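Asks: just to be clear, the model below is a prediction. Sequence and coordinates:
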Amino acid sequence: MNKEQRFCQSCGMPLTEEVLGTNADGSKNEDYCMYCYKDGKFLQDCTMEEMIEHCAQFVNAVEAMNANPAIAGVKELIAQMADKQPIAYISSVDQEGFPWTKAMLKPRKREGIKTFYFTTHTFSIRVAQYKANPKASIYFCDAKGFKGMMLRGTMEVLTDAASKEMIWRDGDTEYYPGGVTDPNYCVLKFTATDGRFYSDFYPRSFVIE
């Protein structure tokens, strides 16, 4: 059975070991993320009472969203942005732990808001980074509507014939002269685990089942 997903009681970020805040003694804090709580102190400039009042509005917020039909609208908005926005931003992690972000053409194919497929060059730095560390994120931005959608998960590099043929399109020989079997043509498969979106000056976090 999967361990129950926890969320920061301040900002709503999904909590993993990597993003847990710290107590005054350096131990991990199970209730808040590192961006809200560090060394036993809240990073926001407010009193404990003010922080408790602030946090109260977020308790079980994500669970409530998933139980609320309104979250379906959020997921539909992500899907629309993935289909309509011409550019997606993908991020990888280099050997020193620094993030690398690159603008890409929108996904060639998606399965709901969990799985997305991109084309790229097999011998690129990005592919080498994903092979070394599959942790990744993708981001869609609607600049006009001032909306942003971030999905976090893992990226696989696929070079099998079926995957390459699945998203191949007429005109791709402009980028891959050797056609669908060109060794410098591969597929990036992103699988999302959770995400965060920003709209109307309000961020929300959610988990993708």
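Replies: Structure received. Numbers count the residues shown, from 1 in each chain.
Asks: report the buried residues of the longest strand along the chain.
Replies: Using DSSP state E, we find that the single longest strand of the chain is strand 185-199. For strand 185-199, the neighbour count (16 or more other C-beta atoms under 10 Å) marks 185-192, 194-197 as buried. (Each C-beta comes from the backbone N, C-alpha and C, glycine too.)
Asks: same check on stretch 141-156?
Replies: Those would be 141, 147-153, 155-156, for stretch 141-156 by 16+ other C-beta under 10 Å.
Asks: and those residues as TSV, adding distance to Thr173, pLDDT and secondary structure?
Replies: Below are those laid out as TSV (distance: C-beta to C-beta, whole Å; pLDDT from 0 to 100; DSSP: H, G, I helix; E, B strand; the rest coil):
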residue	distance to Thr173	pLDDT	secondary structure
Cys141	30	91	strand
Lys147	35	83	strand
Gly148	34	89	strand
Met149	32	90	strand
Met150	33	93	strand
Leu151	30	94	strand
Arg152	34	95	strand
Gly153	31	97	strand
Met155	25	98	strand
Glu156	24	98	strand
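Asks: just checking, what packs against the longest strand of the chain?
Replies: Judged by 3 or more C-beta pairs under 8 Å, 6 or more residues apart in numbering; DSSP states H and E, strand 185-199 is in contact with helix 70-84, strand 115-121, helix 125-132, strand 135-142, strand 147-158, helix 161-167, strand 202-207.
Asks: elements contacting the fourth one?
Replies: Strand 135-142 sits against helix 70-84, strand 87-93, strand 147-158, strand 185-199, with contacts defined as 3+ C-beta pairs under 8 Å, 6+ apart.
Asks: the last one pairs with which strands, parallel or anti?
Replies: With DSSP bridges as the test, strand 185-199 is paired with strand 115-121 (antiparallel), strand 147-158 (antiparallel), strand 202-207 (antiparallel).
Asks: what's the model's confidence in that strand, averaged?
Replies: Average pLDDT, strand 185-199: 91.
Asks: stretch 134-141: which residues count as buried?
Replies: Buried residues in stretch 134-141 (16+ other C-beta under 10 Å): 134, 136-141.
Asks: of these, which is the nearest to Phe7?
Replies: For the buried residues of stretch 134-141, the residue nearest Phe7 by C-beta to C-beta is Ser137; the value is 17.6 Å.
Asks: contact partners for that closest one?
Replies: Ser137 makes contact with 90-91, 150-153, according to C-beta atoms under 8 Å, 6 or more residues apart in numbering.
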